[in-house]
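**Student:** I'd like to go over a predicted model; first the sequence, then the structure.
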Amino acid sequence: MNATHHIKQRMAQRGISKAMVDLALEQGRIEGDKHVIDRKEALKRLRELDAERRVLTKILDKGGIAVVSEGESLITTYNRNSQNNWQ
């Protein structure tokens, strides 16, 4: 989308960064012609990111993990640091 002169002015006046606008466009709910992320939604997303960060930290501690699947079946999983085949 093209940013108009007007939005650039308002972003500067209101301390709203391009990254904030991009996040609202990507993840905000649509209300008519608006993309909205309110305080409640921002807090919810932060909690989700914190939970994901905890899981990723555990995966790092294991040197990564692998999950083997076939079709719709999950077959096995293992820690990557327990394998000699690093990819």
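**Tutor:** Perfect, thanks for sending it. Predicted model, so just to flag it, every value in this text is computed and none were measured. Residues are numbered from 1 along each chain as shown.
**Student:** give me the number of residues near Arg80?
**Tutor:** By other Cβ atoms under 10 Å, 14 other residues sit near Arg80. All C-beta atoms are positioned from the backbone trio N, CA, C, and that covers glycine.
**Student:** which residues touch Leu23?
**Tutor:** Counting by Cβ atoms under 8 Å, 6 or more residues apart in numbering, Leu23 touches Ile37.
**Student:** I'd assumed it was in a strand, is it?
**Tutor:** No - using DSSP: H, G, I helix; E, B strand; the rest coil, the secondary structure at Leu23 is helix, not a strand.
**Student:** what helix or strand does the spatially most central residue of the chain sit in?
**Tutor:** Ranked by distance to the mean C-alpha position of the chain (Cα atoms, centre = their mean), the top residue is Leu49 at 6.9 Å. In the assignment (DSSP states H and E), Leu49 maps to helix 39-61.
**Student:** can you give me the pLDDT of the residue nearest to the centre of the chain?
**Tutor:** We have a pLDDT of 97 for Leu49.
**Student:** how close does it get to Thr76?
**Tutor:** Distance, Leu49 to Thr76, by Cβ to Cβ, to the nearest Å: 29 Å.
**Student:** ok so, going back, got the contact list for the helix holding Leu49?
**Tutor:** Residues from elsewhere that reach helix 39-61, judged by Cβ under 8 Å, 6+ apart: Gln27, Gly28, Arg29, Ile37, Ile65.
**Student:** at 6 Å instead, please
**Tutor:** Helix 39-61 is contacted from outside by Ile65, using Cβ atoms under 6 Å, 6 or more residues apart in numbering.
**Student:** quick one: the very next helix or strand once past that helix to helix 39-61, angle?
**Tutor:** Next helix or strand after helix 39-61 toward the C-terminus (DSSP H and E): strand 65-70. Here the directions of strand 65-70 and helix 39-61 differ by 90 degrees (axes from the mean of the first three to the mean of the last three Cα atoms, to 10 degrees).
**Student:** perfect, I'm done here.
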